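**Student:** pasting a predicted model and its sequence here:
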Amino acid sequence: MYAALVLAAHTLATPAGAVSACETEKAQKTNSAAAVFSHSPNHELMLEEATKEQEKTLLKRQMRQLEKLREQAEREAVRAEKLQQLKSNTSSAG
């Protein structure tokens, strides 16, 4: 509660002109950065290249996951076959 009162007092004590000037400066920096970025001739090319790199990385990751799943399926198939042989050996011995 005390912290809220201190914050409220500080906010009320800040001159409106200072807040306005700060917001204006922040807006100008944002606008100038956006203008530089949007006027960059290679912006679209850079964006396209970055997207392609991300797609390649994702595809590689998916391929590794797929390979791991395939290997796991092979191991499980071998286990299932051994279990089936064990069951058939047990039933024929009994």
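**Tutor:** That came through fine.
**Student:** can we go C-alpha only for contacts and neighbour counts from here?
**Tutor:** Fine.
**Student:** for Glu44, give me its contacts.
**Tutor:** By C-alpha atoms under 8 Å, 6 or more residues apart in numbering, Glu44 lies in contact with nothing.
**Student:** what about it, which helix or strand?
**Tutor:** Using DSSP states H and E, Glu44 falls within helix 43-93.
**Student:** where does this protein have low pLDDT?
**Tutor:** Flagging of the chain using pLDDT under 70 yields the residue ranges 1-22, 26-27, 29-41, 94.
**Student:** what do you get if the cut-off is 90, keeping everything else the same?
**Tutor:** Counting by pLDDT under 90, the chain contains low-confidence residues at 1-43, 90-94.
**Student:** next, count neighbours for Pro64.
**Tutor:** For the record, residue 64 is Arg, not Pro. Using other C-alpha atoms under 10 Å, Arg64 has 12 other residues around it.
**Student:** could you report the distance from it to Arg70?
**Tutor:** Here Arg64 is placed at a distance of 10 Å from Arg70 (C-alpha to C-alpha, to the nearest Å).
**Student:** could you do Glu53 as well?
**Tutor:** Distance from Glu53 to Arg70, by C-alpha to C-alpha: 26 Å.
**Student:** no further queries at this time; thank you.
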